[in-house]
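Chemist: okay, sequence plus prediction incoming.
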Amino acid sequence: MKDKKKIAILGSTGSIGTQALEVIEEHSDLYEAYVLTANRQADLLIQQARKFQPAQVVIADESRYAYVKEALDDLPIQVYTGVDALCQIVQNDEVDIVLTALVGFAGLRPTVAAIQSHKMIALANKETLVVAGELVTRMAMENHSAILPVDSEHSAIFQSLMGEQSEIEKIILTASGGPFRKYTLDELRTVTPEMALQHPNWDMGAKITIDSATMMNKGFEVIEAKWLFGVDADRIQVVVHPQSVVHSAVQFRDGAVKAQLGVPDMRVPIQLAFSYPYRLASSFDRLDWYKMHDLTFEEPDLGKFRCLALAFEALRQGGTMPCVVNAANEVVNLAFRQGQCGFMQMPEIIERTMQKATFIKQPTLDDYFLCDAQARHIAQELIN
């Protein structure tokens, strides 16, 4: 690792993006924040740009372009705006790694653009593979574009497979269970957005925190695992592990299990995605083995957490169904945060959207965008 790698961070103001900048800062001899992008958080983007001096920044919200441009006018930084700029900027020949840390369906188009430009993808936007996993993985192979997982669970599986040539018997995806794993059905009906935004282990953005509370986040990780590691739904097992120490595991054909353990710290998988196949030294916290008195593992309750069951069902159906589930989930997630629907209404609306949406077995990229728009419309009508 002699040359300094230039990294484009799509979503630099979010949880993953800010932690990625910490990794870059710790290894400034190896990495350079070459591109920083944000959707609306103009002030934080400006602050990051002044500190890390990237060559280019993008503020997707066009109404904030003039503000960002003026704030950085004294620096030799190119400022762009609009969603199309995200797709164009990842195609820059100078960029070595594209960290896709955008939230939701918005990550699909720029990730596809980066793959078409043969970039190495550090994937933190799980929706890209949830929505269009078959298409994206095929495109990555055709364009010789490596996809390295940044999610802690998929990074753990990836690390467990490093050096292995054995057949995978089963993938064990661990889940914290979120804040409501011990709640009854009646108690779940009274959950408020404020309650759901308090995650016991991880510091994440609002959308992902709600997805974790409903366990839809884990459902999306199941779909993502299918495309990253080439296993079908029946060989993926979700195990609730509240301590979040075992980040995930792989069981092989001889029954042996390899797992990756560590403190809950997203900088570890981010750094590995940047440095692979090497491991770099870090100042991050270490596990204290003498304090790990109780590591527990439970079966998820699919009756209480219907979103996880719906994700498995979407994966089995394939085609555009995971796209439908993702679109409906984005709508209900926001509606719940805004007080427009209840916690237990979210899976009900997603399921009804699955029943109403047009299903395409072998979709094109354009089909995914049409499917996304239709499913959002259906879900919003159901809420209204």
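Modeler: Structure received.

Chemist: for stretch 306-324, list every residue counted as buried.
Modeler: 306-315, 318-324 (16 or more other CB atoms under 10 Å). For the C-beta atoms, the positions are set from N, CA and C on the backbone; glycine is no exception.

Chemist: then stretch 215-230?
Modeler: When burial is assessed from 16+ other CB under 10 Å, stretch 215-230 yields the following buried residues: 215-229.

Chemist: just the C-alphas of that stretch, formatted as CSV.
Modeler: Provided in CSV are the C-alpha atoms of stretch 215-230 (Å, rounded to 0.1, in the frame of the first residue of the first chain):
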residue,chain,number,x,y,z
MET,A,215,-36.0,-5.6,12.2
MET,A,216,-36.5,-4.6,8.6
ASN,A,217,-32.8,-3.6,8.7
LYS,A,218,-31.9,-7.3,9.4
GLY,A,219,-34.3,-8.4,6.6
PHE,A,220,-32.5,-6.1,4.2
GLU,A,221,-29.2,-7.6,5.4
VAL,A,222,-30.5,-11.1,4.6
ILE,A,223,-31.2,-10.0,1.0
GLU,A,224,-27.8,-8.3,0.8
ALA,A,225,-26.1,-11.5,2.0
LYS,A,226,-27.7,-13.5,-0.7
TRP,A,227,-26.1,-11.4,-3.4
LEU,A,228,-22.7,-10.8,-1.7
PHE,A,229,-22.1,-14.4,-0.8
GLY,A,230,-24.2,-16.4,-3.3
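
Chemist: quick one: distance of it to the chain centre.
Modeler: When C-alpha coordinates are averaged (CA atoms, centre = their mean, to the nearest Å), stretch 215-230 and its chain have centres 10 Å apart.

Chemist: quick check: mean pLDDT of it?
Modeler: The average of the pLDDT scores along stretch 215-230 is 97.

Chemist: same question, stretch 363-377
Modeler: Per-region confidence: stretch 363-377 scores 97 on mean pLDDT.

Chemist: low pLDDT regions in the stretch 101-250 of the chain?
Modeler: By pLDDT under 70, the weakly predicted segments of the stretch 101-250 of the chain are 200-203.

Chemist: where exactly do the strands run in it?
Modeler: In chain order, the stretch 101-250 of the chain shows strands spanning 120-123, 147-149, 168-175, 236-240, 246-252, with DSSP state E, counting those that start in this stretch as the criterion.

Chemist: out of these, deepest packed?
Modeler: Burial of the strands of the stretch 101-250 of the chain is given as mean neighbour count (mean count of other CB atoms under 10 Å); strand 120-123 ranks first at a mean of 25.

Chemist: grab the longest helix from this protein for me.
Modeler: In the chain, ranked by residue count with DSSP state H as the criterion, the top helix is helix 365-383.

Chemist: closest one to residue 329 out of the buried residues of stretch 215-230, please.
Modeler: In terms of CB to CB, no member of these lies closer to residue 329 than residue 216, at 5.5 Å.

Chemist: and the gap between the closest one and residue 336?
Modeler: With the distance defined as CB to CB, to the nearest Å, residue 216 ends up 11 Å from residue 336.

Chemist: overlap of the contact sets of the two?
Modeler: Common contacts of residue 216 and residue 336, defined by CB atoms under 8 Å, 6 or more residues apart in numbering, comprise residue 346.

Chemist: could the strands of the stretch 101-250 of the chain be laid out in a markdown table, adding distance to residue 42?
Modeler: Compiled in a markdown table, the strands of the stretch 101-250 of the chain are given as follows (distance: least, CB to CB, whole Å):
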| stretch | distance to residue 42 |
| --- | --- |
| strand 120-123 | 24 |
| strand 147-149 | 30 |
| strand 168-175 | 35 |
| strand 236-240 | 38 |
| strand 246-252 | 34 |
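
Chemist: re the thing from before, what helices or strands is the longest helix of the chain leaning on?
Modeler: With contacts defined as 3 or more CB pairs under 8 Å, 6 or more residues apart in numbering; DSSP states H and E, the secondary structure elements packing on helix 365-383 are helix 127-142, helix 321-337, helix 345-356.

Chemist: tell me the most buried of those?
Modeler: Between these, helix 321-337 has the highest mean count of neighbours, a mean of 26, where neighbours are mean count of other CB under 10 Å.

Chemist: could I get the average pLDDT for that one?
Modeler: Here the mean pLDDT over helix 321-337 is 98, rounded to a whole number.

Chemist: residues contacting stretch 232-240, please?
Modeler: Stretch 232-240 has contacts (CB under 8 Å, 6+ apart) with 168-177, 181, 218, 222, 225-226, 297-300, 308, 312, 315-316.

Chemist: using JSON lines, please lay out the helices and strands packed on helix 365-383 together with distance to residue 247.
Modeler: Formatted as JSON lines, the entries for the helices and strands packed on helix 365-383 read as follows, by distance: least, CB to CB, whole Å:
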{"stretch": "helix 127-142", "distance to residue 247": "18"}
{"stretch": "helix 321-337", "distance to residue 247": "23"}
{"stretch": "helix 345-356", "distance to residue 247": "26"}
